[in-house]
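Asks: curious how this folds, go ahead:
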Amino acid sequence: MQLSKLMIDLNVLAEFSRNNCVGICVFLVPANLLTTLLTIVLTVMNSPKTQIWQSAGIAGIFACIMILHVYTWFVIGVVMLPTYIFLVLAVVCSLANLSAILWRQSSFQLVYRRQ
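Replies: Below is the predicted model:
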């Protein structure tokens, strides 16, 4: 079997992303916000590290998909306010998840150093 038949055509994937933009954004915006909120809540409640990592991982996947979706619009030259808003949302959610993981690890170390 030829290698070219196994590869995914990125143009088709980008075109699918642009053609279904409303549906993708309607799903990704709440998914990003809810999974990031879940990560923050789990961190504040001092949940086990594995739960926080799972929540942050799922939120990271949603954020990466949103960034890739926005970049498909940048590639064809569509530079509008919604593209920047969605890009900033994905970056802020990624940073919030990363900071929740780092805060959980540093607070965990502080608790066990005191004992």
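
Asks: next, the buried residues of whatever helix or strand A56 lives in.
Replies: Per DSSP states H and E: A56 is located in helix 49-75. Going by neighbour count (16 or more other C-beta atoms under 10 Å), the buried part of helix 49-75 is 52-53, 55-56, 58-60, 62-63, 65-66, 69-70, 72-73. All C-beta spots, glycine's among them, are computed from the backbone N, C-alpha and C.

Asks: what packs against it?
Replies: Here helix 49-75 touches helix 10-19, helix 21-44, helix 81-114, going by 3 or more C-beta pairs under 8 Å, 6 or more residues apart in numbering; DSSP states H and E.

Asks: any idea how far that helix is from the middle of the chain?
Replies: Centroid separation between helix 49-75 and its chain, computed with C-alpha atoms, centre = their mean, to the nearest Å, is 2 Å.

Asks: so it versus helix 21-44, what angle?
Replies: Relative orientation of helix 49-75 and helix 21-44, computed by axes from the mean of the first three to the mean of the last three C-alpha atoms, to 10 degrees: 150 degrees.

Asks: tell me the mean pLDDT for helix 49-75?
Replies: The average pLDDT within helix 49-75 is 94.

Asks: hmm, L89 is touching P30, no?
Replies: No: L89 is beyond contact range of P30, at 10.9 Å (criterion: C-beta atoms under 8 Å).
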